[in-house]
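Visitor: here is my input; please provide its structure:
(one chain, ligands or ions: 2)
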Amino acid sequence: MKNIGIIGAGSMAEAMLSGFIQGEVYDAQHIYVTNKSNAERLNDLQRQYGVNISLNKKEILEKADLIFLAMKPKDVKEAIHSIKRYVTEKHLFISVLAGVSTSVIEEMLEKKVPVIRAMPNTSASIRLSATGMAKGAYATDEQLTFAKNLFKAIGTVEIVEEEQLDAVTGLAGSGPAYIYYLVEAMELAGKEVGLDEETARSFIIQTLYGASEMLKQTKKDASVLRKEVTSPGGTTEAGIHVLKTNGFKEMMIECVKQAQARSKELKHSFNEMLLKERA
Ligand SMILES: NC(=O)C1=CN([C@@H]2O[C@H](COP(=O)(O)OP(=O)(O)OC[C@H]3O[C@@H](n4cnc5c(N)ncnc54)[C@H](O)[C@@H]3O)[C@@H](O)[C@H]2O)C=CC1
Ligand SMILES: O=C(O)[C@@H]1CCC=N1
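Guide: Numbering: from 1, shown residues only. Ligands and ions are numbered 1, 2, ... in the order given. Below you'll find the model as predicted:
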């Protein structure tokens, strides 16, 4: 695929194009970005990354053969309506939209277009995304392999059943935000235990990084690694007791389940919409 077109120039789009450029997967000159009408945002992206920009959807579809859909789910219908007349057999679509199934996109495009769904996260911007991926009815295995290799350049990729993408969204698509929220709490804790902001932040980042690498490199269960930290009657036990007695695990499970449920809600709302339109 020579050129990519990214429709929707927001947080996820920027994370991906940044990763593609950093990973030398696509030169900026081969990336075309558009959004609904925010020329200033597009100019900022062009200044920062050197990508091509245009508010002319026809131009984007003519220039690019690989098209990323990266608008919010609520905007997908209008976005697809604005491009479908320009879609040809040269196009392969990769959608990163939460909760919008490939069949819905195919129906909105009114063509048997190859569509692949990817659920990355914003760590793609530093090429450390965790991406789940599934192909639609008209995408080939070769196209799925191409898409997988593309996202492997900006992190890890797991091919899943499309039905599992709601779970992937809840766990990993939204996952960075849970960690950032934990860090916000730890930063407040650092302040309350008498550390200045910069010192606390430095300790927190290294502790998170170290724990992440311990999980990755030792391949030990988190419960085992936690026990290795927890001296009987020591400081860790005192801290973990607070988490246990306040339902920390139960809250995290519910957090992920609610995010998955929202992804399913989005999916069902689009299916309902299409059913009504067919009627
Ligand atoms: N932000 C994240 O961490 C992740 C987001 N996603 C998915 O990526 C998509 C975008 O999310 P964000 O980047 O956070 O949203 P965002 O609001 O930052 O970006 C959305 C972009 O779509 C553009 N847009 C809206 N209507 C359009 C139209 N008709 N034509 C062209 N562009 C249009 C907007 O101008 C905006 O630039 C969502 O579907 C979300 O589910 C997926 C994984 C992670
Ligand atoms: O919050 C959202 O809906 C998007 C999808 C996964 C992460 N952000």
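Visitor: Tyr26 - nearest residue in space that isn't next to it in sequence?
Guide: The shortest distance from Tyr26 to any residue other than its chain neighbours is 4.4 Å, reached at Phe20 (CB to CB, 6 or more residues apart in numbering). Every residue, glycine included, has its C-beta placed from N, CA and C.
Visitor: ligand 2 contacts on the protein?
Guide: Contact residues of the chain with respect to ligand 2, defined by CB under 6 Å from any ligand atom, are listed as 98, 169, 173-174.
Visitor: hmm, Phe270 is touching Ser95, no?
Guide: No - with contact defined as CB atoms under 8 Å, Phe270 does not reach Ser95; the gap is 11.8 Å.
Visitor: spell out which residues sit in contact with Ala139, please.
Guide: Ala139 is in contact with 92, 102, 114-116, counting by CB atoms under 8 Å, 6 or more residues apart in numbering.
Visitor: same check on Ser11?
Guide: Taking CB under 8 Å, 6+ apart as the definition, contacts of Ser11 comprise Thr122.
Visitor: how far away is it from Arg41?
Guide: 11 Å (CB to CB, to the nearest Å).
Visitor: thinking again about what came up before, from the contacts of Ala139, pick the one nearest Ala238.
Guide: Ile116 (48.5 Å; CB to CB).
Visitor: beta partners for that closest one?
Guide: With DSSP bridges as the criterion, Ile116 is bridged to Ile94, Lys135.
Visitor: out of the contacts of Ala139, which end up buried?
Guide: Burial by neighbour count, judged by 16 or more other CB atoms under 10 Å, picks out 92, 102, 114-116 from those.
Visitor: how about the contacts of Ala139 in TSV, adding pLDDT and distance to Ala279?
Guide: Output for these, formatted as TSV (pLDDT from 0 to 100; distance: CB to CB, whole Å):
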residue	pLDDT	distance to Ala279
Leu92	98	31
Thr102	96	22
Pro114	98	28
Val115	98	24
Ile116	98	29
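Visitor: which single residue of the stretch 51-200 of the chain ends up nearest ligand 2?
Guide: Closest approach of the stretch 51-200 of the chain to ligand 2 (CB to the nearest ligand atom) occurs at Gly173, with a separation of 3.3 Å.
Visitor: ligand 1 versus the closest residue to that residue other than its chain neighbours, what's the distance?
Guide: Sequence neighbours aside, Met119 is the residue nearest to Gly173 in space, at 4.7 Å (criterion: CB to CB, 6+ apart). When distance is defined by CB to the nearest ligand atom, to the nearest Å, Met119 is 6 Å away from ligand 1.
Visitor: how about the lowest-mean-pLDDT helix or strand in the chain and ligand 1, touching?
Guide: Comparing every helix and strand of the chain by mean pLDDT, DSSP states H and E singles out helix 248-278 as the least confident one, with a mean of 93. No - applying CB under 6 Å from any ligand atom, one finds that helix 248-278 is not in contact with ligand 1, the shortest distance being 8.2 Å.
Visitor: how long is stretch 226-233 end to end?
Guide: Start to finish, the residues bounding stretch 226-233 are 14 Å apart (CA to CA, to the nearest Å).
Visitor: again, but for stretch 54-73
Guide: Across stretch 54-73, the terminal residues are separated by 21 Å (CA to CA).
Visitor: likewise stretch 108-119?
Guide: Stretch 108-119 has an end-to-end distance of 20 Å (criterion: CA to CA).
Visitor: just the buried residues of it, please?
Guide: Taking 16+ other CB under 10 Å as the basis for neighbour counts, the residues of stretch 108-119 that come out buried are 108-109, 113-119.
Visitor: quick one, strands of this structure?
Guide: Along the chain, the stretches classed as strands by DSSP state E are 4-7, 31-34, 52-53, 66-69, 92-95, 115-119, 129-135, 155-159.
Visitor: give me the number of residues near Lys63?
Guide: Lys63 has 17 neighbours, counted by other CB atoms under 10 Å.
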